[in-house]
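Student: Compute the structure for the input listed below.
(one chain, ligands or ions: 3)
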Amino acid sequence: MTLLSTIKNGIDLKKIPREQLPALAREIRERIIAVVSKRGGHLASSLGVVELTLAIHYVFDIPGDSLVWDVGHQAYAHKLLTGRDAHFDTLRTYKGISGFTKRSESPCDAFTVGHSSTSISAGLGIAVGKKLKKNRSKVISVIGDGSMTAGLAYEGLNQAGDSDSDLIVILNDNDMSISPNVGALSSFLSRTLSANYLQNMKKDFGSFLKKLPGIGYDIYQFAKKSENSFKTFVTPGMLFEAFDFDYFGPINGHRLNHLIDIMENIKMLEEPVLLHVTTTKGKGYSPAEKNPVYFHGVGAFDVTTGNGNSSGKKNPVPTYTEIFGKTITKLAEKNEHIVAVTAAMPEGTGLIGFSKKFPDRFFDVGIAEQHAVTFAAGMASQGMKPVVAIYSTFMQRAYDQILHDVCIDSHHVVFALDRGGIVGEDGPTHHGLFDFAFLRNIPNMTIMAPKDEQELAAMLVAAIQHNGPIAVRYPRGKGVGAVSPDSPDYLLIDNPIKIGKAEIIHKRSTTTRKTNAEIVTQKVTAPRKTDTEIVSQEVTSLEKTSDNKLFSNAAETGKNILIIAAGRTVQEGIKAVEELEKMGISPTLVNARFIKPLDAELILELAKEIPLIITVEEHVLDGGFGSAVLELLADNDATGCRVKRIGVKNRFVEHGSQDILRSEYEVDARAIVRAAKQLTEQIAL
Ligand SMILES: Cc1ncc(C[n+]2csc(CCOP(=O)(O)OP(=O)(O)O)c2C)c(N)n1
Ligand SMILES: CC(=O)[C@@H](O)[C@H](O)COP(=O)(O)O
Ligand SMILES: [Mg+2]
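Tutor: Ligands and ions are numbered 1, 2, ... in the order given. Prediction:
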């Protein structure tokens, strides 16, 4: 029997003598490594906070006291200590344990998170809510040093420090974001105040003070006398004390006894407190300690070697991300105005190669998406061609900056929206399912979505040639094998994408027209809509005169379907075409290419000929690509059409594998086939 198996909650944990906690920490690490090596997940961050998590649950009474994790990707130990050990093997699987904290999963998850830097604001809100309800329980927000590079964190600190809220903020400082942390704050936080550094600082500071007329000498005397306050004065505490927090630290975040003792003391205070702990990302698993970047978000791996299961195999099909990175780097070789901006995700966005080749034209701004966009607009105003590579979901943060700082003046900024559509295991906080909607309503914006990785390269060429705001949205994961990044010509775009132009991928087989005299008798059985009785209906359609043309066309077009797909769903369309033709249905498949501006001319022309239309997108239906097509048809009085939209019905998509989710949320080829059958059966009635 393991110690962990005896723990269902904090009460069970508190029964364990302190001296056994290191053993429990070992068990927790083993459990996390075992499950993540199979399921994948955020290993390094979770391993780094095992002792911190134990100390928090040992000292505080969770869920009575509220614990808010920032991002929530480091909360695996928290989940194991709060009754989820038995199900932990389902981590990040469909209908299994989420990879982030989630209120609906446990009362111990005080806040649903996934996007960074929300924990202080949420924690403050919880603290104020408790206070107003005379609830004196504690609130603890745990935030990483990377998450402290987002402005939102300071908005929370600013209000918290000014309120007498009973909020404890624990800064988990491992000097790492996903990659090594960036920005002035990072160097400030991680500055090691060596003795001689302090000595010199004191000397310089002292001589500076003495020169100040009048007051300077007194401060010097004061500073000289209180050595401690001098140290505190120049340590990171200075930053947080400026926000009126009581600052404690930095202390070693792996020394359990020390952590517990200091938390017991802090628990007695009733004002904003910041505890600064330093930890090692990946602690306790040497491959992760050595390479915390790789083990930040990792796929399945071999525990003994740390090698990913797919490592070593030459991956013939590149990811969209790899094609983006290679293409933009190649384009930048020929165009010195191209600059690249990432918000703390150089690896995830594929910009490492660019950063090595063009270090002066590469900018990692930290977890600061809003700043990234306005910073890019500033560069664009000077004639640079910024490419802002931010995951679709994180770009949601910068909506106003896109509208206000880029689009009003129509600055030429290229938005590379990676992880567009269903991303899979990261779940509802990470799917990129809203970007068509939040972008297409902005004047001057152009939105493209490639059918495959080769077209992504072509679209990037068009985006750089374009003049004005333009977004290319592409999915997480591998391409379809349309191109190998090693093939020299994958960038020689023989058919450059023309802005606003779609592409017919598959034309319906032209059936011989029925002669006018021909009588077509169809026996149709269709379930009545109102009651379950099956009604068989004999339909006699007669081609008599041109005024029956529509009807006879209807009979003929009853078998013709127009499928207009956006982005990777074109691949679903290609699969559906094959299926439909076996069923005697004649589909025409269009690759929309543009969400905005739509290829109005082509769509309207085809809609006249084929009034049964299916739009397809990996996006919520409200306000997405299908909505844009409906608006186009309505605005052009194409009222004779029947349209079915394939997309995510307006709800959040849970976590799970991409394939399972695409099927469960009906954005796959089978959904297209179902819609086509419905349309052709309806028309036959
Ligand atoms: C708004 C937002 N942008 C980007 C991310 C992607 N992201 C997830 S964790 C992370 C780094 C967080 O670093 P830190 O807070 O130091 O946590 P650690 O992993 O070091 O424990 C980033 C950039 C995110 N979750 N939310
Ligand atoms: C926790 C977080 O937000 C990131 O680590 C994110 O999970 C990365 O996603 P990808 O794995 O798609 O790069
Ligand atoms: Mg960190």
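Student: tell me the contacts of the residue in the stretch 351-500 of the chain positioned nearest to ligand 3?
Tutor: Scanning the stretch 351-500 of the chain for proximity to ligand 3 using CB to the ion identifies residue 367 as nearest, at 10.3 Å. In short, each C-beta sits where N, CA and C put it, glycine included. If a contact means CB atoms under 8 Å, 6 or more residues apart in numbering, then residue 367 has 116-117, 146-147, 149-150, 177, 343-344 as its contacts.
Student: Could you do residue 8 as well?
Tutor: Contacts of residue 8 were listed using CB under 8 Å, 6+ apart, and they are residue 83.
Student: And it, what's its pLDDT?
Tutor: The per-residue pLDDT reported for residue 8 equals 93.
Student: That one: what secondary structure?
Tutor: coil (DSSP: H, G, I helix; E, B strand; the rest coil).
Student: how far away is it from residue 35?
Tutor: Residue 8 is 18 Å from residue 35, where distance means CB to CB, to the nearest Å.
Student: What is the nearest of the contacts of residue 367 to residue 247?
Tutor: residue 147 (17.8 Å; CB to CB).
Student: Near ligand 1, which residues of the stretch 1-150 of the chain are found?
Tutor: By the rule CB under 6 Å from any ligand atom, the part of the stretch 1-150 of the chain lying against ligand 1 is 45, 48, 71, 73-74, 115-116, 144-147.
Student: cutoff 8 Å now
Tutor: Of all the residues in the stretch 1-150 of the chain, those in contact range of ligand 1 (CB under 8 Å from any ligand atom) are 42, 44-45, 48-49, 70-71, 73-74, 114-117, 143-148, 150.
Student: filter those residues by proximity to ligand 3?
Tutor: Taking CB under 5 Å from the ion as the test, ligand 3 is in contact with 144-146 out of these.
Student: Quick check: residue 254 touching residue 282?
Tutor: No. Counting by CB atoms under 8 Å, residue 254 stays clear of residue 282, with 12.0 Å between them.
Student: higher neighbour count, the two?
Tutor: Taking other CB atoms under 10 Å, residue 254 and residue 282 do not tie; residue 282 has more neighbours (25 against 20).
Student: Work out which residue lies at the spatial centre of this structure.
Tutor: To find the centre residue of the chain, average its C-alpha atoms and take the closest one (CA atoms, centre = their mean): that gives residue 430, at 3.5 Å.
Student: all strands of the stretch 301-450 of the chain, in order?
Tutor: Assigned strands in the stretch 301-450 of the chain, in chain order: 338-342, 362-364, 385-389, 414-417, 446-448 (criterion: DSSP state E, counting those that start in this stretch).
Student: Among those, which comes closest to residue 167?
Tutor: strand 362-364 (30.0 Å).
Student: Tell me the helices and strands packed up against the closest one.
Tutor: For strand 362-364, the packing partners by 3 or more CB pairs under 8 Å, 6 or more residues apart in numbering; DSSP states H and E come out as strand 338-342, helix 352-357.
Student: ok, now with 10 Å
Tutor: When contacts are defined as 3 or more CB pairs under 10 Å, 6 or more residues apart in numbering; DSSP states H and E, strand 362-364 packs onto strand 338-342, helix 352-357, helix 369-380.
Student: Mind listing the strands it pairs with, and their directions?
Tutor: When pairs are called by DSSP bridges, strand 362-364 turns out to pair with strand 338-342 (parallel).
Student: Okay, angle between the partner strand and strand 385-389 too, please.
Tutor: 30 degrees (axes from the mean of the first three to the mean of the last three CA atoms, to 10 degrees).
Student: How is this structure divided into domains?
Tutor: Here the chain is described, according to automatic domain parsing, as comprising the domains 4-287, 320-473, 506-511+527-684.
Student: And the first one, end to end?
Tutor: When you say that, I think you mean domain 4-287. Taking CA to CA, to the nearest Å as the measure, domain 4-287 stretches 24 Å from start to finish.
Student: does any part of that domain sit near ligand 2?
Tutor: Yes. With CB under 8 Å from any ligand atom as the measure, domain 4-287 is seen reaching ligand 2 through 42, 45, 71, 73, 99-100, 114-116, 178.
Student: Could you pull up the residues touching the residue of the stretch 251-400 of the chain at minimum distance from ligand 3?
Tutor: When you check the stretch 251-400 of the chain against ligand 3 by CB to the ion, the closest residue turns out to be residue 281, at 6.2 Å. Each residue near residue 281 by CB atoms under 10 Å, 6 or more residues apart in numbering is listed here: 43-49, 74, 144-146, 172, 174-178, 288-289, 291-293, 295-296.
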